[in-house]
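In: next comes the sequence, and after it the predicted model I'd like to discuss.
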Amino acid sequence: MIVVWRVTERCNRSCPFCAYDRTLSRSRQDVDEQMVERFCRVLGEYRRTTGERILLSWLGGEPLLWRPVFEVSHRLRQTFQIEVSATTNGTTLHLGRVQRHILECFSELTVSVDGFAEFHEHVRGWPGGWHQLREAVQTLAQARTAMAAQLKLRANVVLMRDNLTMFADLCEALAGWGFDEITFNQLGGRDRPAFFSAHRLRRQDSQTLSAILPRLRSRLARRGVRLCGSGQYLRRIDASTHDISLAVNDCAPGESFLFVDERGRVSPCSFTSENFGLPLKAVCSVDGLLSLPGSFATARERKPAPVCNDCPSTHVFAKFAV
Ligand SMILES: C[S@@+](CC[C@H](N)C(=O)[O-])C[C@H]1O[C@@H](n2cnc3c(N)ncnc32)[C@H](O)[C@@H]1O
Ligand code: SF4
């Protein structure tokens, strides 16, 4: 079971493709810590009774800005044997305190890196950030090896027409930083349509990506780095570049993946909180958790969500497979 929890809408960077860009005027809510504690107990009970592996992944905004993130993560790991991960812009990764916590209680960390220094710093609104990020990841990777900590380091790249030509060289560079795995998203356009239309991948970009991937993957594999992105995932990207919708009638909602937002709504993915979101307060037992797939399926039958007619959820298209 994978649970992705958006714990804050706050961010300290200004990516022009993102809904949480700090320069945007919008709500900036944090999740209620008590609510997180309560639901973690339910997840712990679920883990104990089913024996199933659970990975709880913090998302934002910038999740490492959520004050109790490490306190809660330690408890999840120690008390409930729940694995913890986060996706971060890496702006706090250079801090020794942050590195120590990550090494002690995270089993995965995904770091966003969209290009080499000039591109990444420009697109993230983070002058001088790239070198700081590189040093922080390298230090973390070395400490992980020295401590034999079970921490998977993953880089995630947002692909757009502007950085596709540097993607292969970027992956080689990221392998040198100490990442174990590299994933990519195509630029999505729901939140920032103006940026999207000027920077989205085009048909020829999707073809280029599919063409370079096999050899790049082999080269990286020889260096011990896994480049993710299944054939199904590439077909999803290609369909988007052709403006072809890919409808998903049954993604087995709630069976092995849950999304929770900062307001405490649990839904089958981050795109359906408004349509199918249920208050987490109502899920106060293992039975409550086990009833979610049925509740989501019923809600979908009653009133399908328009977004499912062109599903943008990366996990549905096997982003992490090869
Ligand atoms: C919303 S961010 C939150 C985590 C953290 N602040 C970060 O930047 O990694 C989660 C992931 O989504 C990516 N992302 C943000 N906006 C995107 C978009 N419009 N299309 C594709 N990926 C996007 C980010 O680069 C990051 O890897
Ligand atoms: S750092 Fe992450 S959350 Fe912040 S604006 Fe950029 S992509 Fe969005």
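Out: Structure's in. What do you need? Ligands and ions are numbered 1, 2, ... in the order given.
In: mind listing what residue 90 touches?
Out: Counting by Cβ atoms under 8 Å, 6 or more residues apart in numbering, residue 90 touches 111, 112, 113, 129, 133, 136, 137. Placement of C-beta: from N, CA and C, glycine included.
In: ok, and which of the residues you listed reach ligand 1?
Out: residue 112 (Cβ under 6 Å from any ligand atom).
In: out of the contacts of residue 90, which is nearest to ligand 2?
Out: residue 112 (6.2 Å; Cβ to the nearest ligand atom).
In: which stretches of the stretch 1-150 of the chain have low pLDDT?
Out: Of all residues in the stretch 1-150 of the chain, none has pLDDT under 70.
In: name the next helix or strand downstream of whichever strand or helix holds residue 43, please.
Out: Here residue 43 sits within helix 33-50, counting by DSSP states H and E. The helix or strand immediately downstream of helix 33-50 is strand 55-59, counting by DSSP H and E.
In: list the strands paired with that following strand, with their directions.
Out: strand 2-6 (parallel), strand 83-88 (parallel) (DSSP bridges).
In: residue 312 should be in a strand, yeah?
Out: No - Residue 312: not assigned to a strand; according to DSSP: H, G, I helix; E, B strand; the rest coil it is coil.
In: residue 248 is in contact with that one, correct?
Out: No - using Cβ atoms under 8 Å, residue 312 makes no contact with residue 248, being 9.9 Å away.
In: compare these two (neighbour count), which wins?
Out: Legend: neighbour count by other Cβ atoms under 10 Å for residue 312 and residue 248, higher for residue 312 (20 against 17).
In: circling back to that earlier point, quick check: angle from the helix holding residue 43 to strand 83-88?
Out: Inter-element angle recorded for helix 33-50 and strand 83-88: 140 degrees (by axes from the mean of the first three to the mean of the last three Cα atoms, to 10 degrees).
In: go through helix 33-50 and flag the buried ones.
Out: 35, 36, 39, 40, 42, 43, 44, 46, 47 (16 or more other Cβ atoms under 10 Å).
In: which residues does it contact?
Out: Taking Cβ under 8 Å, 6+ apart as the rule, helix 33-50 contacts 1, 3, 5, 7, 52-54, 56, 68, 72, 75-76, 79-82, 260, 264, 280-281, 283-286, 288-289.
In: now the strands for this protein?
Out: Using DSSP state E, the strands of the chain run over 2-6, 55-59, 83-88, 108-112, 152-159, 181-186, 226-227, 257-260, 265-267, 278-279.
In: how about the residues of the chain near ligand 2?
Out: 11, 13, 15, 18, 20, 21, 60, 61, 62, 89, 124.
In: could I get those as TSV with neighbour count?
Out: Formatted as TSV, the residues of the chain next to ligand 2 follow (neighbours: other Cβ atoms under 10 Å):
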residue	neighbour count
11	22
13	20
15	21
18	22
20	22
21	18
60	25
61	25
62	25
89	25
124	24
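In: of those, which belong to helices?
Out: residue 124 (DSSP state H).
In: what about residue 31, neighbour count?
Out: Neighbour tally, residue 31, other Cβ under 10 Å: 24.
In: I'd say it and residue 67 touch.
Out: No - judged on Cβ under 8 Å, residue 31 makes no contact with residue 67 at a distance of 10.9 Å.
In: check the residues of the chain next to ligand 2 against ligand 1, which are close?
Out: Residues of those in contact with ligand 1 (Cβ under 6 Å from any ligand atom): 11, 18, 20, 60, 62, 89.
In: what residues are up against the fourth one?
Out: This means residue 60. So residue 60 contacts 6, 7, 8, 9, 10, 11, 20, 66, 87 (Cβ under 8 Å, 6+ apart).
In: again, but for the second one
Out: Neighbour list for residue 18: 11, 191, 192 [criterion: Cβ under 8 Å, 6+ apart].
In: for the residues you listed, give me a markdown table that also has distance to residue 317.
Out: As requested, these are exported to a markdown table (distance: Cβ to Cβ, whole Å):
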| residue | distance to residue 317 |
| --- | --- |
| 11 | 26 |
| 191 | 19 |
| 192 | 22 |
